[in-house]
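Visitor: Need a 3D model of the sequence below.
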Amino acid sequence: MVRIRIFLVIYLFNFCSHEEEITKSKIFYNNEKGEIKSDTRSTSNSFTLETLFANAIESTERLAIKKESITQAEARRDSYFSNFFPSLAFRYQQFVTTPNHAEHDRDIRNRNNLANAYSNTAYGTDISTPYNASNYLNSSAGNSSTVTSPLVRPGARLVLHIPILTGLNEYSLYKSSKHEVRLRNLELKHDAGRLYLEIAQTYYNLLQSESNLKTRKEILQLTISLRQEMKRRVQLGRNRNSELLSLNSQISRLEAEILGVTDTISQLKDTISYLTGLDSNFKIEKKIEISIHSNFDEIEKKIETRHDIQAAKINLEMAKSEVLKAYGGHLPTASVDTFYTFPSGHIAGGTKDLVNQFIVQVPLISLGTVSSAIKQAESLKHQMELQLTQTIRFAREEVRKAFNSYLHAISMEKSYTSALESTENSLNIIIRDYSKKSATELDLLNARIALITAKEDLNKTVLQKELNLVWLKVAIDEYPSSEELEKINNLFSISKENDK
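Guide: You can find the predicted model right below:
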């Protein structure tokens, strides 16, 4: 027995020491104030709204697709810029006809030359080679030579094209492409805000559903206890049997609600997994948003700087460039082409050619092509003007709705806080009366259920207020924050364009 007691003492001592080590590992000390605080650092599978958004940036394709649009716009800009410079190309020409008339003509000339050679006492003085066929043609009146343009001869050559005046095509295309790069950047930032809002909606709905599930389970346990008490009172004749049946119906309804909320939580987690690239095995942490202390007039001033409004303005500038390009169809075009032909033994003399060609083209009759392009461009410009005004109206409406919803949620929070205080006071009174035997256990259980319901109503309102605040911050482009946008820039190497 003594050995057993000693063994138990050693075991308890080791167990207590282990518990003390665990406790110390979960706290840290503030040396300056001497306070002990809990370590609230997030675990690897626990996420706040910011960390969910950060994971969505790194692990999903949505913003990466927008980034590819920026890369394509930059490539088009560089391509249009190169149109201002000369171009050099290698060209090889060879004429082939079907049937091959050139070969047939060479056979005829060779036969005639052979006949002339036999009929001439000098033998061969009048023979012409097939290589001279492209430059020297025999006629019935005698030998006469016709020199063809080196540009139409077969052979290899270098072609240098120098644009001088090409209307307004290159200028308008390059100007429009620069606007497009800025437009794609703004679209990326705007879509990042929409992604943040979608994650926030799912995040707060999941917090509310988890709180609702916990509340329903607590109410179910209290209702089961209430049913047991009701059975006892029905047996004593103090309550009617219909009240017991009503409790049974309430329990069944609570069980169904718990199943429904559980399914909702599963769907919300799947949605977050889709938006952020996480697996379904994660937890979320509640975060308190910093309130905005501004009136609507101050907030409304930030609407003009919204990314979607800036994008609509750039769309209008691009439409103006299209109008300029369309009017350029009435202007003449000019260019210089230089051709250097490599020497070839198949060409008479074997000399090399260097030909400069100056081309001027003046449009005379276009049969409505230019006027139709101008009409289309003017219509596109008007459409973009309407799109801009519509975007501004939508932005004002969204900011106004978000601001009013946030204010209403604050008022509702105050009302539910007062209701919770009244419910707590009522429970304290019932507890005191229960201790004095002036209140029944049914009254106590109902008061506890009422308190849990009041807490749930307040928590639901607080979460809705937080969501409305996030909505308002997204609407005025405060979310995503500048740090998160910088992270997007660094992650995708987005080009930074000056928004002028």
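
Visitor: All the helices of the stretch 201-350 of the chain, residue numbers only.
Guide: Along the stretch 201-350 of the chain, the stretches classed as helices by DSSP state H, counting those that start in this stretch are 241-276, 296-300, 307-327.

Visitor: oh, I was asking about the chain
Guide: 2-25, 49-59, 62-82, 101-119, 169-235, 241-276, 296-300, 307-327, 369-435, 441-475, 482-492 (DSSP state H).

Visitor: could you dump the second one to PDB, C-alpha only?
Guide: Read it as helix 49-59. What follows is helix 49-59 as a C-alpha-only set of coordinates in PDB (Å, rounded to 0.1, in the frame of the first residue of the first chain):
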ATOM      1  CA  LEU A  49     -11.000  38.000 -43.400                       C
ATOM      2  CA  GLU A  50      -7.600  39.400 -44.400                       C
ATOM      3  CA  THR A  51      -5.800  36.100 -44.400                       C
ATOM      4  CA  LEU A  52      -8.700  34.600 -46.500                       C
ATOM      5  CA  PHE A  53      -8.300  37.300 -49.100                       C
ATOM      6  CA  ALA A  54      -4.500  37.000 -49.100                       C
ATOM      7  CA  ASN A  55      -4.900  33.200 -49.700                       C
ATOM      8  CA  ALA A  56      -7.300  34.000 -52.500                       C
ATOM      9  CA  ILE A  57      -4.700  36.200 -54.200                       C
ATOM     10  CA  GLU A  58      -2.100  33.600 -54.100                       C
ATOM     11  CA  SER A  59      -4.100  30.400 -54.700                       C
END
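
Visitor: Next, the angle from it to helix 169-235.
Guide: Angular relation of helix 49-59 and helix 169-235 on a 0 to 180 degree scale: 130 degrees, by axes from the mean of the first three to the mean of the last three CA atoms, to 10 degrees.

Visitor: Check which residues of helix 49-59 are buried.
Guide: Across helix 49-59, burial judged by 16 or more other CB atoms under 10 Å covers 49-57. From N, CA and C alone the C-beta is placed, and that goes for glycine too.

Visitor: What lies in contact with that helix?
Guide: Residues from elsewhere that reach helix 49-59 (CB atoms under 8 Å, 6 or more residues apart in numbering): 42, 47, 62-63, 192, 195-196, 199-200, 203, 272, 275-278, 284, 287, 470, 480, 484, 487-488, 491.

Visitor: Any quick ChimeraX command for the buried ones out of the residues you listed?
Guide: To isolate the buried members of the contacts of helix 49-59 in ChimeraX, using 16+ other CB under 10 Å:
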select :47,62,63,192,195,196,199,200,203,272,275,276,277,278,284,470,480,484,487,488
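
Visitor: if I look at Leu245, how far off is Val234?
Guide: To Val234, Leu245 is 10 Å away according to CB to CB, to the nearest Å.

Visitor: related to what we said a few turns ago, hey, least reliable of the helices of the stretch 201-350 of the chain by pLDDT?
Guide: The stretch with the lowest mean pLDDT among those is helix 296-300, which comes in at a mean of 89.

Visitor: would you put the C-alpha positions of that one in PDB?
Guide: The C-alpha coordinates for helix 296-300 follow below in PDB (Å, rounded to 0.1, in the frame of the first residue of the first chain):
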ATOM      1  CA  PHE A 296     -22.200  61.100 -46.200                       C
ATOM      2  CA  ASP A 297     -20.900  64.300 -47.800                       C
ATOM      3  CA  GLU A 298     -17.300  63.400 -46.900                       C
ATOM      4  CA  ILE A 299     -17.700  59.900 -48.100                       C
ATOM      5  CA  GLU A 300     -19.400  61.000 -51.300                       C
END
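
Visitor: which residues touch that helix?
Guide: 292, 396, 399-400, 403, 472, 476.

Visitor: how does it look with 10 Å?
Guide: Helix 296-300 is contacted from outside by 292, 294, 395-396, 399-400, 402-404, 407, 472, 475-476, 478, using CB atoms under 10 Å, 6 or more residues apart in numbering.
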